[in-house]
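Engineer: I would like to see how this sequence folds:
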Amino acid sequence: MPVLAVTLAPAQGESLHMAASWFPFLASARSGRELSLSVFLAGLLLFPAALAHGAPDASLAIKVDQVGYPLNGPKVALVTLPTATSAPPETFQVLRSSDNAVVLRGKLTPPQADPNSGDQVQAADFSSFHKAGTYYLRIPGVGRSWNFAVGKNVFERTYYLAMRGFYGQRCGIAVDMGPEFPGYSHPACHQHGEFHLSSGAKGPRDNIGGWHDAGDYGRYMVNSGISTGTMLWAWEIFGRKLKKIQLNIPETGNGTPDILNEARWNLAWMLKMQDDDGGVWHKQTSEHFSGFVAPEDDKLPSEIIGTGATPYKSTCATADLAAVGAIAARVFKPYDAKFAAQALEAARRAWAWTEKYPNVTFRNPPGVSTGEYGDANCKDERLWAAAELGRTTGEAAFNDFFLKNYAEFLPTLDSPPAESWSQVAPMALWTYALAHRKGSDGEAVAAIRQRTVAAAHTVVDRTRANPYLISMKAKDYVWGSNGVAAGYGMYLLIANVFAPDPSFVDAARDNLHYLLGRNTFSLSWVTQVGENPFLHPHHRPSGSGKQPGPWPGLLSGGPNAGRQDAVLAALPKDLPPAKVYADQLASYASNEICINWQASLVFLLAGELR
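Structural biologist: Okay, here's the model as predicted:
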C-alpha cells in the first residue's frame, strides 16, 4: 500500500512516520499528494471527550479521583461550570454504587476561577465520610461522577499496574501481561546489538535488555539513571510497604522483592553499556525512530551510539551509572551479594573515569535523530555519584568531593519539583542528608533539610490555594507535565521524611488525585486505570494494532503549552496551559509515555500505600 509519510519534529528529535492505512482519511489520500495534517487533526479534536472515551452517563464536569480516596484522609471532588456566568449548583450527594443509596449530603463551595485551565471550579468536600466501599457523586443540574473507591489501601492496585508498566517496556525478552490482560504480549525483541561508528568501536555488542525508554524503542543511559534511581529510592524509603507486593513478573518468587527484580532488569543493561575503561556510552538506539510497529517487528539495527570523538563515552551517562550502581550496591546486598559487589565495582570504575573526563557532553552525531538527552553540564551528575558512593562506602574522598561542590546546587531545592533527568542535584543533596553516616557534615545536612522543608511548606500553601488543589504553576505545563505533577509529590514525600507533616502527605496525594482524574478533562492519565482513562498514548506497542487497546499502567505526558507537535499546534491558540492536551497517538508532545515520569508516579504511589 502506498505510504503517506508525515514527519513531525518533537523536542528530543523524534520523527513520526505514519502509514496511510492507520487512519481512513489519510488512506483516502492519493499517494504523494500533500495533505494538511493540522486540518485533519483539528477535525479529530472536534469529537467530545465523552464520545472519544466511550463514557456512559457520567458528567465530565465532575472531577473525581477515579481510583479513590483513603478511608481516613481528605476526600474532595470538583465540579466546573459550563460558563463563567452559569448559575452554580449548591449541593452534592455521595451515593453507594451498588444500590444508589445516598450516604452523604453536602454543600459545594462558591466557584473559584482557575487561570491555568480557564475553569470556574467548585469543591465537594466529603472528608467526614469514612466507610469503605464504591461510590459516586451526584450534583443536581449537573449529573453523576465516575465511580470511585473509599478504602484503607485504595492505591495498591494502581501501584501494581504502574510497576507492571515497566515490565511491559522490557526489551530483549518475551513479555506477557498475563490472564488479566489477554493479548498484551510480544516475543523477544531487539536481540542483536552492535556498535555505531560514533562509539569508537565496531562489531557486535551483547546489549540485550533494559527498558524501552518511551514511545520509541530506544534505550538511554541518562534517562535510565534517574528512572532506575528513583525506583531504588522508592524501595529504600518505602520498602517495608513494598516488600510483599508481587508483580507477577518472570522473577516473582525468587526471594528478591519484585520492585528490585524489575529495577535489576534495567540496571543489568546499564552495566553492559560500560566500556573496559570505565566510561559509559550514551545510548542504544537505531539511527532514526521506527514506524509504529510492535517491538518484535522493529528490524532497524540496535546500535551503541557514542559522542563521535575521543573518549566516545559521555560524563553524564557515566556518572549516572556510578550513582545508580552505588545505590544498587546497598539495596541488593541482602538478596544477591555478588550482584551488589558487581554494581559497586562498576560504580567505582565509572567514578574514576569521570575524574579523568569531568564534562564530556553529548550531542547526536551526524545521521542520528533519536532522543538526544543532551546536557551541557555534568557536574550535578558527578555530585549525585559522589553522594551515593559516599553513602554506600563511607569513604572520605567521596565526602570531600560532595562538600567542596554541594553549596552551588542548594538553590535547586528552592524551586520544586527540581529533580529531573537533566538536573539530579536534588538527588545528590537528599541522599547526603538521608545517609545518617558518621563523618557527615552537620551544617550541610541541616542546610539541605531546612531548604527542602521550607520549600515544601510553600508548595503546600500553593496547592491548598489552587482551585484544582494541585501544586502546578502555569510554567509547569511543559513536555511531561504529568511527570512534573508526580515530581511535586515526590518532593513533598521526601520533605516528610526530613520533617513529618500530614500536610506534606496530603498535598502529595492531591497531585496523585490530579493524575487519576481530578483534572480539567475528568480523565485518568494512567492507561486502563479508572472508568475514563486516556486511550491513545504515543507508544509504539500500543499503536501497532496488535492489542485491543493501550498497554496498561502507563502515565501520559499530559498538557503541554509548548505545543511542539502538529496536533497541539492545531488546537485553539487561546487555550490556557492546562487545556493544551490531546488524547491522540500523534501527539507525542502531550501523550507520550516515558520511564522517568513513570518512575515518579511509582514513587508517589509507593508513598500512599498502607
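Engineer: Residue 428 contacts residue 389, doesn't it?
Structural biologist: No: counting by CB atoms under 8 Å, residue 428 stays clear of residue 389, with 10.7 Å between them. In this view, the C-beta of every residue, glycine as well, is placed from N, C-alpha and C.
Engineer: Show me the residue at the heart of this protein, geometrically.
Structural biologist: Of all residues in the chain, the one closest to the mean position by CA atoms, centre = their mean is residue 597, 1.4 Å from it.
Engineer: which SS class is that one?
Structural biologist: helix (DSSP: H, G, I helix; E, B strand; the rest coil).
Engineer: Skipping adjacent residues, who's closest to it in space?
Structural biologist: Excluding its sequence neighbours, the residue lying closest to residue 597 (CB to CB, 6 or more residues apart in numbering) is residue 483, at 2.6 Å.
Engineer: circling back to that earlier point, list residues touching both of residue 428 and residue 389?
Structural biologist: residue 323 (CB atoms under 8 Å, 6 or more residues apart in numbering).
Engineer: Let me see the domain layout of this structure.
Structural biologist: Listed domain ranges for the chain are 68-151, 156-521+592-608 (source: automatic domain parsing).
Engineer: Return the longest helix anywhere in the chain as PDB; C-alpha atoms alone will do.
Structural biologist: In the chain, assigned by DSSP state H, the helix with the most residues is helix 442-465. Output of helix 442-465 as PDB, limited to C-alpha atoms (Å, rounded to 0.1, in the frame of the first residue of the first chain):
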ATOM      1  CA  GLY A 442      26.200  18.600  60.100                       C
ATOM      2  CA  GLU A 443      26.000  22.000  58.500                       C
ATOM      3  CA  ALA A 444      25.400  20.600  55.100                       C
ATOM      4  CA  VAL A 445      22.800  18.100  56.300                       C
ATOM      5  CA  ALA A 446      20.900  20.900  58.200                       C
ATOM      6  CA  ALA A 447      21.000  23.200  55.100                       C
ATOM      7  CA  ILE A 448      19.600  20.500  52.800                       C
ATOM      8  CA  ARG A 449      16.800  19.600  55.200                       C
ATOM      9  CA  GLN A 450      15.900  23.100  56.100                       C
ATOM     10  CA  ARG A 451      15.700  24.300  52.500                       C
ATOM     11  CA  THR A 452      13.700  21.200  51.400                       C
ATOM     12  CA  VAL A 453      11.200  21.600  54.300                       C
ATOM     13  CA  ALA A 454      10.800  25.300  53.700                       C
ATOM     14  CA  ALA A 455      10.100  24.800  50.000                       C
ATOM     15  CA  ALA A 456       7.600  22.000  50.800                       C
ATOM     16  CA  HIS A 457       5.600  24.300  53.000                       C
ATOM     17  CA  THR A 458       5.400  26.800  50.200                       C
ATOM     18  CA  VAL A 459       4.200  24.100  47.900                       C
ATOM     19  CA  VAL A 460       1.500  23.100  50.400                       C
ATOM     20  CA  ASP A 461       0.300  26.600  50.600                       C
ATOM     21  CA  ARG A 462       0.100  26.900  46.800                       C
ATOM     22  CA  THR A 463      -1.600  23.600  46.500                       C
ATOM     23  CA  ARG A 464      -4.300  24.500  49.000                       C
ATOM     24  CA  ALA A 465      -4.900  27.800  47.200                       C
END
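Engineer: How about residues contacting that helix?
Structural biologist: With contacts defined as CB under 8 Å, 6+ apart, helix 442-465 is touched by 402-403, 406, 410, 413-416, 429-430, 432-433, 469-471, 473, 488, 491-492, 494-496, 498-499, 501, 503-504, 506-507, 510-511.
Engineer: after it, next one along is what?
Structural biologist: Once the chain leaves helix 442-465, the next helix or strand it forms, by DSSP states H and E, is helix 481-498.
Engineer: Just the buried residues of the contacts of helix 442-465.
Structural biologist: Buried members of the contacts of helix 442-465, counted by 16 or more other CB atoms under 10 Å: 402-403, 406, 410, 413, 416, 429-430, 432-433, 469-471, 488, 491-492, 494-496, 498, 501, 503-504, 506-507, 510-511.
Engineer: tell me which element residue 361 falls in.
Structural biologist: Using DSSP H and E, residue 361 sits within no helix or strand.
Engineer: What's the per-residue pLDDT of it here?
Structural biologist: Listed pLDDT for residue 361 reads 98.
Engineer: can you give me phi and psi for the spatially closest residue to it that is not a sequence neighbour?
Structural biologist: Excluding its sequence neighbours, the residue lying closest to residue 361 (CB to CB, 6+ apart) is residue 376, at 5.9 Å. Taking degrees, to the nearest 10, you get phi -80, psi -20 for the backbone angles of residue 376.
Engineer: do you know how far residue 376 is from residue 424?
Structural biologist: 14 Å (CB to CB, to the nearest Å).
Engineer: Who has more neighbours out of the two?
Structural biologist: Taking other CB atoms under 10 Å, residue 376 and residue 424 do not tie; residue 424 has more neighbours (30 against 10).
Engineer: So the more buried one is in contact with residue 380, correct?
Structural biologist: Yes: counting by CB under 8 Å, residue 424 does reach residue 380; the two are 5.3 Å apart.
Engineer: just the helices in the stretch 501-610 of the chain please.
Structural biologist: In the stretch 501-610 of the chain, the helices defined using DSSP state H, counting those that start in this stretch lie at 502-515, 540-543, 566-569, 588-591, 595-608.
Engineer: how long is stretch 544-557 from one end to the other?
Structural biologist: End-to-end span of stretch 544-557 (CA to CA, to the nearest Å): 19 Å.
Engineer: Do me a favour and average the pLDDT over it.
Structural biologist: Mean pLDDT, stretch 544-557: 97.
Engineer: Which parts of the stretch 101-250 of the chain are strands?
Structural biologist: In the stretch 101-250 of the chain, the strands defined using DSSP state E, counting those that start in this stretch lie at 102-107, 112-114, 119-125, 133-139, 143-144, 148-151, 175-176, 185-186, 193-195, 219-220.
Engineer: who wins for proximity to residue 291 among the ones you listed?
Structural biologist: strand 185-186 (15.7 Å; CB to CB).
Engineer: What does the pLDDT read for the closest residue to residue 86 other than its chain neighbours?
Structural biologist: Excluding its sequence neighbours, the residue lying closest to residue 86 (CB to CB, 6+ apart) is residue 120, at 7.6 Å. Note for residue 120: predicted pLDDT of 97.
Engineer: Kindly check the end-to-end length of stretch 557-576 for me.
Structural biologist: 17 Å.
Engineer: again, but for stretch 292-312
Structural biologist: Criterion CA to CA; first-to-last residue distance in stretch 292-312 is 31 Å.
Engineer: ok, and for it, which residues are buried?
Structural biologist: Of the residues in stretch 292-312, those buried (16+ other CB under 10 Å) are 292-296, 298, 300, 302-308, 311-312.
Engineer: in what helix or strand does residue 338 lie?
Structural biologist: Going by DSSP H and E, residue 338 is in helix 337-356.
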